[in-house]
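Asks: only the shape, not the letters, is given here:
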C-alpha cells in the first residue's frame, strides 16, 4: 500500500464513523515549501456542520477556512504537522513573560462581526506589509469575509486595542475541546509588542478561563520560517497518525 493510500484510509475511518463525504483537490503549488506540490482533502461543503462535529474533526487534524473544513493530504510530503498547546501544562518562558508584561496596556473585548471598514483596513494593511509574497495577496473585502467568517456560529472575534485604537484581531473558534486559532492580523508598525506571540498567550489564558484543554495552532512545517513561532510554546502536542504526542 502506498503512503498516500495509508493517509486516505485514515480519513476514511472518520468518514465511515460519521457517514461523512470528503473530496480531494488536484495537486497544486505548495504555499510554504518551494518546488513542492500540495493537495488537500476537504469535507463535502453540503455537509451540515455543528460545534461537536467540528470539534471531533479537529482531533484528526482538520482546520477550517471560511465554511470549508480541510486537511493537507499530499502524496510525497508529510511536512504539515497538526499542532496544539495543552494549556494545563504550558509555562511561559522568560521571553514570553516579557512579551506579556510589555502589552499590559492592551484592552481586549469581543465583537459579533468584523465585517466593517476598521477591521478590513487593518487586515489589508497587515497582508500588504507582511504577506505580500503569499497566496492571500492581494487582499480583497470578499476574500476577507469568505476566509474568516463561517455559518455555524462557533467563532469569537477578539479585538485588541490601545487607547481605543484597534491594533490586532484574533479570529478564534471556540470548540468543545479547545480554541482553534484561525487567524490573527495586527498592526505592522507595532513590532516591539510581538503581537502575534501575545495573542497566543492571551488565548492560552482564555482557554483556561473557559475550562478548555488546548489551543489548536494549525499546521507546523519544520522547514518553513513562517511556522517557526509555533514551536516556541512548550510543552506542545503534535499529531502522529491519528494520535497526539506530547513534546517537551
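Replies: Nice, I can see it. This structure is a prediction, so every number in the text was calculated from the model and none was measured.

Asks: residue ranges of the helices in the chain, please?
Replies: 3-18, 51-58, 94-102, 117-130, 141-148, 195-209 (DSSP state H).

Asks: quick one: contacts for the nearest residue to residue 114 once chain neighbours are set aside?
Replies: Nearest-residue entry for residue 114: residue 157, 5.0 Å, with adjacent residues in sequence omitted and distances by C-beta to C-beta, 6 or more residues apart in numbering. C-betas here are computed from N, CA, C, even on glycine. For residue 157, the contacting residues are 110, 111, 112, 113, 114, 169, 170, 171, 172, by C-beta atoms under 8 Å, 6 or more residues apart in numbering.

Asks: circling back: out of the helices of the chain, deepest packed?
Replies: The highest mean neighbour count among those, using mean count of other C-beta atoms under 10 Å, belongs to helix 195-209: a mean of 19.

Asks: and that one, what does it pack onto?
Replies: Other elements packing on helix 195-209 under the criterion 3 or more C-beta pairs under 8 Å, 6 or more residues apart in numbering; DSSP states H and E are helix 94-102, strand 155-162, strand 165-174, strand 178-186, strand 214-220.

Asks: and residue 205, how far is that from residue 213?
Replies: Per C-beta to C-beta, to the nearest Å, residue 205 is found 14 Å from residue 213.

Asks: actually residue 33, not the one I typed
Replies: From residue 33 to residue 213 the distance is 30 Å (C-beta to C-beta).

Asks: quick one: low-confidence residue ranges for the protein.
Replies: Applying pLDDT under 70 to the chain flags residues 1-18.

Asks: for the helices of the chain, which one sits closest to residue 238?
Replies: Residue 238 lies closest, by C-beta to C-beta, to one member of the helices of the chain: helix 51-58, at 14.1 Å.
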